[in-house]
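1. All I have is the shape, not the residue letters:
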Ligand code: 6PG
């Protein structure tokens, strides 16, 4: 049985982002210094704040950036310099400011056709994590967001991608966006050692209540339950205002 998610409520989005930066720093410093520390990033507004915070002190100096390897949980089908690119958001807010070797930055090559990009990224994950058939990568830390419809990464409600168990990366067509997306699959996320959802804003309060306190299964975010890892929700008080349970 996966462990119960732990919900942490903070005053506002800035406090959520700061707590996430502290946790990344704590985990990276506690990890084996002889091993890479792999982090999967997400798009979205709260991560943007997180990346900006990480680019300043004390994190800039404290985090062993040369050991960090950055990956992306999902991407839009655009080149890396496009305004919609999740990679570009991290490049502009964080990568330009920190001493991370370029070989440690593993972006999704979303300038390719979406299914080719998914294949290429799966190949990159297999190479980096030295995976045998049937194995999934184990990220040391994965950041995820959630939309008001309960989607996470680019796993949208009713998508065939939700049932994918073989592939590590897929390129589903997302009807409501009229676009392809490229996303890691549930199995990959659920193999993470530590997952933090970052959710802020009152427009997500009702969905968050249903995801955390309603019946299981209706929302993609509910499918994220690490098999052998920790699951934390870092939320602000606006997003958590309808929750009954005790946040920390
Ligand atoms: C993306 C995401 C996506 C995001 C949620 C929440 O690329 O858009 O990875 O899943 O995390 O839509 O985004 P916000 O935090 O901006 O609401």
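-> Thanks, I have it. For clarity, every value in this text was computed on a predicted model and none was experimentally measured.

2. Against which helices or strands is the single longest helix found in the chain packed?
-> Selection of the longest helix in the chain by residue count, based on DSSP state H, yields helix 13-30. Packing partners of helix 13-30 (3 or more CB pairs under 8 Å, 6 or more residues apart in numbering; DSSP states H and E): strand 6-10, strand 37-41, helix 45-54, helix 59-62, strand 141-145, strand 194-199, strand 230-236. C-beta: built from backbone N, CA, C; applies to glycine.

3. Within range of the ligand, give me the residues from the chain.
-> Within reach of the ligand by CB under 6 Å from any ligand atom, the chain has these residues: 42-46, 74, 86, 145-147, 151-153.

4. if I pick residue 76, what's in contact with it?
-> Applying CB atoms under 8 Å, 6 or more residues apart in numbering, we find residue 76 in contact with 43, 82, 84-86, 110, 179, 181-182.

5. Now do the end-to-end distance for stretch 27-36.
-> Start-to-end span of stretch 27-36 (CA to CA, to the nearest Å) is 12 Å.

6. From the chain's centroid, how far away is that stretch?
-> 19 Å (CA atoms, centre = their mean, to the nearest Å).

7. Not counting that stretch itself, show me its contacts.
-> 37, 62-64, 67-69, 104, 140-141, 194.

8. Turn these into CSV, including neighbour count.
-> Formatted as CSV, the contacts of stretch 27-36 follow (neighbours: other CB atoms under 10 Å):
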residue, neighbour count
37, 23
62, 15
63, 20
64, 13
67, 19
68, 21
69, 19
104, 19
140, 21
141, 23
194, 18
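
9. Check the residues you listed against the ligand and report the nearest one.
-> residue 141 (15.4 Å; CB to the nearest ligand atom).

10. separation between the closest one and residue 210?
-> 26 Å (CB to CB, to the nearest Å).

11. again, but for residue 179
-> For residue 179, the distance to residue 210 - CB to CB - is 26 Å.

12. per-residue confidence averaged over stretch 241-248?
-> Stretch 241-248 carries an average pLDDT of 81.

13. before we move on, what about stretch 91-99?
-> Rounded mean pLDDT across stretch 91-99 is 95.

14. Can you tell me how far residue 64 is from residue 193?
-> 17 Å.

15. so residue 69 sits in a strand?
-> Yes - under DSSP: H, G, I helix; E, B strand; the rest coil, residue 69 falls within a strand.

16. which residues does it contact?
-> Residue 69 makes contacts with 36-39, 104-106, 128, as judged by CB under 8 Å, 6+ apart.

17. which among those end up buried?
-> Among those, those classed as buried by 16 or more other CB atoms under 10 Å are 37-39, 104-106.

18. ok, of the residues you listed, which one's closest to residue 237?
-> Residue 237 lies nearest to residue 39 out of these, by CB to CB, at 26.5 Å.

19. For that closest one, which residues are in contact?
-> Listed by CB under 8 Å, 6+ apart, the contact partners of residue 39 are 24, 68-71, 139-143.

20. If we use 7 Å, what do you get?
-> Neighbour list for residue 39: 24, 68, 70-71, 139-141 [criterion: CB atoms under 7 Å, 6 or more residues apart in numbering].

21. what's the most distant pair in those?
-> Longest span within the contacts of residue 39, CB to CB: 24 and 71, 13.7 Å.

22. Identify each buried residue in stretch 15-29, please.
-> Quick answer for stretch 15-29 (16+ other CB under 10 Å): 15-21, 23-25, 27-28.
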